[in-house]
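Chemist: Would you be able to build a 3D model of this:
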Amino acid sequence: MLVMLFACSAAEARAQPSLRISAVALQWPEVRVSFSVQCGEQQVPRISREQLTVTDNGVPVNNYSIVCPDSSSRCAISAALLFDASSSMKGEKLEGARKAGAEFIGAMDGVRDEAGVYRLAEAALPLQSLTSDTGLLRDALQRISAGGSTSIWDGCVTALTALVSGAKNPCTAMVLFTDGADSRSAASAEDVILLARAARIRVFTVCIGDTAKNGALTLLAEQTGGKAFFLTHPAQLQDAYRLIASILQWRGDDCTLRYTGSCGGGGAHNVQLIVQDLCGGADTAFTSFVAPDDGERAVVLHLNVSDTVVPARQSAVLLVSLADSLPGAAFPPAECTLRYDTALLRFTGARIPPASLLPPGPVHVTSLLPGRVQLRIPSRSVVNGKGVLLEAEFEAHDPADTALAAVELERWIFDDGCLQPVLAAGSIRIVPCRWSPHVNPSGTMRLCKGDTLTLTGESGFLAYTWYRDTSFVAGTTRILRVSEPGRYRLLARDGSGCRGESGAIEVLGNPPGSLTAGSARTIVLRPGEEVAFRCGISPSIPGLFLEGGSADLQWASPDLALVSSAWLHPAMPGDSVADIAEFTVRASTIGGSSNPCASALQCPASERVHRHHRPAASHRDDRRALRKTDRAIRRAAHQQRTESCPIIHDDQHRARRPHASARCRARCVRT
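Modeler: Prediction:
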């Protein structure tokens, strides 16, 4: 049964392969779906089960059969040729239509192939009923005249009805040629599609000119397994008709998919076919039907994903629950897909918890695309009541601000049974951790041999964990006593579960002190203690700046801070040095890499070296007395030098620059 229909809308270019569903027939519970697959203009003669996936209302159909006709032999055709004969077809268009029809008739074998010719104007006029006589068909083409309006849909119903009742060949089709839209039909495009699909008649539509662009004509071809053509000139009509004849004669009928349906109850069923690994690609087609009311009703199940709030870098568990109570109903094996945001979450696992409605068993996890994971529950069980089915665990990332990460239950498919899932998504609210617990003392410090150092964490946290370098330290309280050097840090957790990490505390060990060349003395100091060195200073040693805190006194450790320096007294007759100076240094922790536990000091070469070791508190009073004595000695020495200076300064100069005058007198004495 063949009806040719040429529509006025252009056929869009499609990716290869191209999958078409032409009809659905029911002999309930058996469902029959007619389909075809093309690679370019070539129909694929055979489709394997590995290349085809079938679902009915989202449930995979595993038990099905495919029957395809033998495409190696020519298929006998029964075709209805419909020609628009409205006033707009006069002249070149009508002549091109006659030549195109003659091209199609010339491809018939004159024995088994049959065709009919119909004129479409105010009504459909059959100029020639179905016949194998090609001469009668050519005569009918010459009797087509143009004039009046167009009743496309009514004409299609007339031609389809004739094919249903009179076609005797397996390859049936209807071909419609027009240059405009329907103007007065009582029937609709939907009526034509339903009739053609029920009779398994393929419809081809051909359109010429810009005035006949009609989406309904394109839909008619697609929904019935045909093809839509859009032409710009009547000279192209012959090629189009020649191609249609070849498609019908050598590509045979559609393949038929058969399977046993379930869950009738008068409900709607959506069937999806997916062909893959064919012609270097894949394609999908959909169809639908209404099952008869056999008393078997689908049970609606509401499946929900829970919501939760977690701190950053923590684990979050979401529950997948059944919201509808099932009174001891069968729960078949199922699989579901979870979709999540990889920028905020990382999937870590899924399981059936002890409190689940399902019996204990495995959950098979398959990673799909990034952000999607498939969970498979392989066991069949009986569910009584409502509650948790399974749980999924995620690890939260650390966003810059509070973020809401949606977790969507993208699909839930049961292997069988009349269960219709209704899915609801959940979410994880992630609260970032932006604090760091304070530790006292902090920074870098020195640990003297045999001593301990106490580190105290900030109060107010629920849990404390100390680490040295990368290893856990057996300390879970605020206070940690350190007896070994290393890099320490504190990890604290507050009541909300948010964890924060302190900065590193560097505890340095006690390496041996180093001495420089020369006459040196080594004193072991505790941090905060002081020692006074009295060194003989030779006038020949340059670089002595007492007030600047520096002399030719050297120490190996920068952790020794100069506290004071002073002249004690000038050299006495018979001394081998000019003066004696005292330097007081204190052990501290400045410098970071030094050693306050054992520091080396060196005086300039001298035979007179005095050392006094005092605690810092008691030495301050002695230092004041030394400074007082030093000032008195300086005044006496200054007076003596001034009186012996031969340079006379006038009062005016002395008044303007008293300090300069003093320096002049000092230079005078030295010279």
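Chemist: Run through the chain and note the low-pLDDT ranges.
Modeler: For the chain, the stretches with pLDDT under 70 are 1-15, 41, 71-72, 210-214, 250-253, 448-449, 474, 510-671.
Chemist: show me the contacts for the spatially most central residue of it.
Modeler: The chain has residue 342 as the residue nearest its centroid, 3.7 Å off, counting by CA atoms, centre = their mean. For residue 342, the contact set (CB atoms under 8 Å, 6 or more residues apart in numbering) comprises 370, 371. Glycine gets a C-beta too; all of them are placed from N, C-alpha and C.
Chemist: residue ranges of the helices in the chain, please?
Modeler: When assigned using DSSP state H, the helices of the chain occupy the ranges 92-106, 134-142, 152-166, 189-199, 215-223, 237-250, 616-643, 651-656, 658-670.
Chemist: Tell me how far the fifth one lies from the chain's centre.
Modeler: Here the centre of mass of C-alpha atoms in helix 215-223, compared against the chain's by CA atoms, centre = their mean, to the nearest Å, lies 39 Å away.
Chemist: which parts of that helix are buried?
Modeler: Buried positions in helix 215-223, judged by neighbour count with 16 or more other CB atoms under 10 Å: 216, 217, 218, 219, 220, 221, 222, 223.
Chemist: again, but for stretch 113-127
Modeler: Going by neighbour count (16+ other CB under 10 Å), the buried part of stretch 113-127 is 113-122, 124, 126-127.
Chemist: Save those residues as JSON lines, and put in distance to residue 445 too.
Modeler: What follows is these, written out as JSON lines (distance: CB to CB, whole Å):
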{"residue": "113", "distance to residue 445": "102"}
{"residue": "114", "distance to residue 445": "104"}
{"residue": "115", "distance to residue 445": "102"}
{"residue": "116", "distance to residue 445": "104"}
{"residue": "117", "distance to residue 445": "105"}
{"residue": "118", "distance to residue 445": "103"}
{"residue": "119", "distance to residue 445": "106"}
{"residue": "120", "distance to residue 445": "100"}
{"residue": "121", "distance to residue 445": "104"}
{"residue": "122", "distance to residue 445": "105"}
{"residue": "124", "distance to residue 445": "102"}
{"residue": "126", "distance to residue 445": "107"}
{"residue": "127", "distance to residue 445": "109"}
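Chemist: Which one of these is nearest to residue 300?
Modeler: Of all the buried residues of stretch 113-127, residue 300 sits closest to residue 124, with 46.9 Å by CB to CB.
Chemist: Residue 52 reaches residue 65, doesn't it?
Modeler: No. At 11.1 Å, residue 52 does not count as touching residue 65 under the criterion of CB atoms under 8 Å.
Chemist: Mutual contacts of the two, please.
Modeler: residue 257.
Chemist: quick one: which of the two has more around it?
Modeler: Of the pair residue 52 and residue 65, residue 52 is the one with more neighbours under other CB atoms under 10 Å, namely 19 against 9.
Chemist: From residue 505, how far off is the residue lying closest to the more buried one once chain neighbours are set aside?
Modeler: Closest residue in space to residue 52, ignoring its immediate chain neighbours: residue 275 at 5.7 Å, by CB to CB, 6 or more residues apart in numbering. Distance, residue 275 to residue 505, by CB to CB, to the nearest Å: 65 Å.
Chemist: cool, and residue 106?
Modeler: As for residue 106, its distance to residue 505 is 97 Å (criterion: CB to CB).
Chemist: Looking only at neighbour counts, state which of those two leads.
Modeler: For residue 106 and residue 505, the more surrounded residue by other CB under 10 Å is residue 505, and the numbers stand at 23 against 15.
Chemist: The more buried one contacts residue 443, correct?
Modeler: Yes. The pair formed by residue 505 and residue 443 meets the contact definition of CB under 8 Å, at 7.0 Å.
Chemist: before we move on, back to that, looking at the buried residues of stretch 113-127, which is nearest residue 200?
Modeler: residue 114 (16.9 Å).
Chemist: The closest one: what's it in contact with?
Modeler: Shown here is residue 114, whose contacts under the criterion CB under 8 Å, 6+ apart are 77, 78, 79, 108, 130, 131, 132, 167, 168, 169.
Chemist: Narrow those to those that are buried.
Modeler: Among the contacts of residue 114, those classed as buried by neighbour count (16+ other CB under 10 Å) are 77, 78, 79, 108, 130, 132, 167, 169.
Chemist: With distance to residue 388 as added columns, please give these in JSON lines.
Modeler: Listed next are the buried ones among the contacts of residue 114 as JSON lines, based on distance: CB to CB, whole Å:
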{"residue": "77", "distance to residue 388": "61"}
{"residue": "78", "distance to residue 388": "61"}
{"residue": "79", "distance to residue 388": "61"}
{"residue": "108", "distance to residue 388": "68"}
{"residue": "130", "distance to residue 388": "66"}
{"residue": "132", "distance to residue 388": "70"}
{"residue": "167", "distance to residue 388": "59"}
{"residue": "169", "distance to residue 388": "61"}
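Chemist: Between all of these, which two are at the greatest distance?
Modeler: By the measure CB to CB, the buried ones among the contacts of residue 114 have their two most distant members at 108 and 167, which lie 14.0 Å apart.
Chemist: Could you measure from the closest residue to residue 113 other than its chain neighbours over to residue 226?
Modeler: Nearest residue to residue 113, sequence neighbours excluded (CB to CB, 6+ apart): residue 77, at 5.0 Å. Between residue 77 and residue 226 the distance, using CB to CB, works out to 13 Å.
Chemist: How about residue 48?
Modeler: Following CB to CB, the distance that separates residue 48 from residue 226 is 25 Å.
Chemist: phi, psi of the nearest residue to residue 37 once chain neighbours are set aside?
Modeler: Counting by CB to CB, 6+ apart, residue 37 lies nearest to residue 44, which is 4.3 Å off, once chain neighbours are set aside. Torsion angles at residue 44 (phi, psi; degrees, to the nearest 10) stand at phi -80, psi 120.
Chemist: Pull the number of nearby residues for residue 44.
Modeler: Neighbours of residue 44 (other CB under 10 Å): 20.
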